[in-house]
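K.L.:
predicted model follows, preceded by the sequence.
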Amino acid sequence: MSKVFWQSLLAVPAALGAVVAVSGAAIAAESAATTQVSSFDQDSVQLAQITSVSELTDVLPSDWAFQALQSLVENYGCIQGYPDRTFRGQRSMTRFEFAAGLNACLDVIATLIAQSGINPDDLATIRRLQEEFQAELATLRGRVDALEAETATLRAQQFSTTTRLRGQVDLHLVTPFDILEGRGAASETSTSVASRARLNFDSSFTGRDRLRIRLQSRDGNAVVPFGGLANAGSSDNFNVSIDDFYYRFPLGNRITVTAAPRGLSGGDWVTSSIVPFDGPSVADAGGPQFYDAGGSSSNGAGLGVNIAFTDNLVLDLGYTAGNPGATQPNVGLFAAANQSYIAQLNFLTDGFFNAAVAYLHNDRSQTFALNNTGVAAAPGGTDTFAGLLNLDFGGFFIAGHGAFTSFNGGDDFSWTAGFGFNDFLLEGSQLGIYGGQLPQLVGRSENPFLIEGYYEIPFNRFLTITPALIYGEANQVAFTDNTGFWGALRATFRF
């Protein structure tokens, strides 16, 4: 049998193997819920035939695939490069590129076969090879058939072609070790439970936009004098409500617009709250509370704009109008009894330094408690100026914020500061300790003070456990003993 013919036979398995691999990849890609957009411009690139592997400037003799590329180029002539004489071996190929390369190899195979011819002995050898690898070919065929059947099932049973359903359930067990005591105050005297359940329906129509409708139910709370738990809330008796309802879409490559009939206010408009405690912490104080202090009710409508001047510099703008309710259905967005505005300028990186400055204003009248049992109102709303900072040293971070708020009747200053360790003892975990003076827009002489230590432990992609210790000084005249100490355990399920 001629050497040329055997060379053609050697090229056939490589081509067929590539066909099977790309076919499987194509099937898997079609079953994906989102469309991946390649940065490769199919119309602007013309692949060029090369005659020597040395013409590829980004292929070195030390590369593990160098000999394979050398053989395909010099023996078969079926490898093509980009116009700039690069091979780009670290990038995934497109189906257009694969078709071009496969066509070149098949042309070489056809030429080799035509030149050598096929005699009966060669045909017998081919049949013997087919019989020898019949089991492997059958196995491969079965796997492809099973993949196609699975893909058909996914298509038939999928929830929606445009919508993904995502859920999260948070369960809390909170035990007070040191009890707040007071005259008629709501003290937490025994172990309590709190829960929150969310279902997010996220739809995309272009691949870059998002329509979110969130259903939420929650019941119970703890550490109430300090803002409560981050993933709980006042009792809703497990009534299901629409918590978030907004549509977010891009305008060009640098501007994103969010329109929200319900659910967004204050910090919901910003790209990042900067401090890494926001999210992992069990107490709500971990997310800077100045975003929520005195703001408009989140059940109103609003509009937000995020402008990325550069990849690192982002400006966030947001407006929320309080819901006028059933008694004033004719009150529009700009005539609501309470309105809030926020502007935040962020400097965001993947490295050491992340920071932001923020300004918030709201027209909502503030209610405050006097230094006795009386209650009064402070009209005129509030203005808040804040700064946020996160210094990330890799596995270790230092972060915090400060916020100055002025309102009719007084001024207020709140802050938090802390540190933590990412991937502490376990990949994906976070150990953090923070504390600070919480907002106090109630006319009292002192602000509440809180310290929390937490350890967020991801057991798998579905379950996260977060134990925490929380100490606080309420500084409220309603309590005769203003100090409290809690142990908390939060379990978060995602699906």
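P.N.:
Arrived safely, thanks for sending.
K.L.:
report the contact partners of Val174.
P.N.:
Neighbouring residues of Val174 by C-beta atoms under 8 Å, 6 or more residues apart in numbering: Glu188, Thr191, Ser192, Val193, Ala194, Ala222, Val223, Leu229, Trp486, Gly487, Ala488, Leu489. Every C-beta, even on glycine, is put in place using the N, C-alpha and C of the backbone.
K.L.:
which stretches of the stretch 101-250 of the chain aren't confidently modelled?
P.N.:
For the stretch 101-250 of the chain, the stretches with pLDDT under 70 are 116-119, 122-123, 182-187, 235-238.
K.L.:
and the strands in it?
P.N.:
Assigned strands in the stretch 101-250 of the chain, in chain order: 163-178, 181-182, 192-203, 210-219, 241-251 (criterion: DSSP state E, counting those that start in this stretch).
K.L.:
mind putting those strands in TSV, distance to Arg91 included?
P.N.:
Below are the strands of the stretch 101-250 of the chain laid out as TSV (distance: least, C-beta to C-beta, whole Å):
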stretch	distance to Arg91
strand 163-178	28
strand 181-182	65
strand 192-203	29
strand 210-219	28
strand 241-251	25
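K.L.:
could you measure Gly472 against Ala293, distance?
P.N.:
Gly472 sits 17 Å away from Ala293, taking C-beta to C-beta, to the nearest Å as the criterion.
K.L.:
list the buried residues of stretch 448-460.
P.N.:
The neighbour-count criterion (16 or more other C-beta atoms under 10 Å) identifies Pro448, Phe449, Leu450, Ile451, Glu452, Gly453, Tyr454, Tyr455, Glu456, Ile457, Pro458 as the buried residues of stretch 448-460.
K.L.:
so what touches it?
P.N.:
With C-beta under 8 Å, 6+ apart as the criterion, stretch 448-460 contacts 225-226, 280-283, 285-286, 424, 426, 428-438, 440, 464-476.
K.L.:
give me that answer again for 7 Å
P.N.:
Contacts to stretch 448-460, defined as C-beta atoms under 7 Å, 6 or more residues apart in numbering, come from residues 225-226, 280-283, 285-286, 426, 428-438, 440, 464-475.
K.L.:
averaged pLDDT, that stretch. What do you get?
P.N.:
The pLDDT scores in stretch 448-460 average 95.
K.L.:
keeping just the C-alphas, turn that stretch into CSV.
P.N.:
C-alpha atoms of stretch 448-460 as CSV (Å, rounded to 0.1, in the frame of the first residue of the first chain):
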residue,chain,number,x,y,z
PRO,A,448,-27.0,52.6,68.5
PHE,A,449,-23.8,50.7,68.3
LEU,A,450,-23.3,47.2,66.9
ILE,A,451,-20.6,44.6,66.4
GLU,A,452,-21.0,41.4,64.4
GLY,A,453,-18.7,38.5,63.6
TYR,A,454,-19.8,36.0,61.0
TYR,A,455,-18.4,33.1,59.0
GLU,A,456,-20.1,32.3,55.7
ILE,A,457,-19.5,28.7,54.8
PRO,A,458,-20.6,27.4,51.3
PHE,A,459,-21.2,23.7,51.6
ASN,A,460,-22.1,23.4,47.9
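K.L.:
just the buried ones among the contacts of Val174, please.
P.N.:
Glu188, Ser192, Ala194, Ala222, Val223, Leu229, Trp486, Ala488.
K.L.:
just to revisit the earlier point, of the strands of the stretch 101-250 of the chain, which approaches Asp411 most closely?
P.N.:
Asp411 sits nearest to strand 181-182 of all the strands of the stretch 101-250 of the chain, at 26.4 Å, using C-beta to C-beta.
K.L.:
and the helices in the stretch 51-200 of the chain, which stretches?
P.N.:
66-71, 95-116, 120-132, 134-157 (DSSP state H, counting those that start in this stretch).
K.L.:
restricting to C-alpha, output stretch 198-210 in CSV.
P.N.:
Written as CSV, here are the backbone C-alpha positions of stretch 198-210 (Å, rounded to 0.1, in the frame of the first residue of the first chain):
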residue,chain,number,x,y,z
ARG,A,198,-37.9,34.5,47.2
LEU,A,199,-38.7,33.4,43.6
ASN,A,200,-37.0,35.5,40.9
PHE,A,201,-38.4,35.3,37.3
ASP,A,202,-35.6,36.8,35.2
SER,A,203,-36.4,37.2,31.5
SER,A,204,-34.1,38.4,28.7
PHE,A,205,-35.2,39.3,25.2
THR,A,206,-31.9,40.5,23.7
GLY,A,207,-29.3,38.7,25.9
ARG,A,208,-28.3,42.1,27.4
ASP,A,209,-31.5,43.1,29.1
ARG,A,210,-33.4,41.8,32.2
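K.L.:
ok, back up a step: could the buried residues of stretch 448-460 go into a markdown table alongside secondary structure and distance to Phe245?
P.N.:
Shown next, in a markdown table, are the buried residues of stretch 448-460 (DSSP: H, G, I helix; E, B strand; the rest coil; distance: C-beta to C-beta, whole Å):
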| residue | secondary structure | distance to Phe245 |
| --- | --- | --- |
| Pro448 | coil | 32 |
| Phe449 | strand | 36 |
| Leu450 | strand | 32 |
| Ile451 | strand | 36 |
| Glu452 | strand | 31 |
| Gly453 | strand | 36 |
| Tyr454 | strand | 31 |
| Tyr455 | strand | 34 |
| Glu456 | strand | 29 |
| Ile457 | strand | 33 |
| Pro458 | strand | 30 |
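K.L.:
this completes my enquiry, with thanks.
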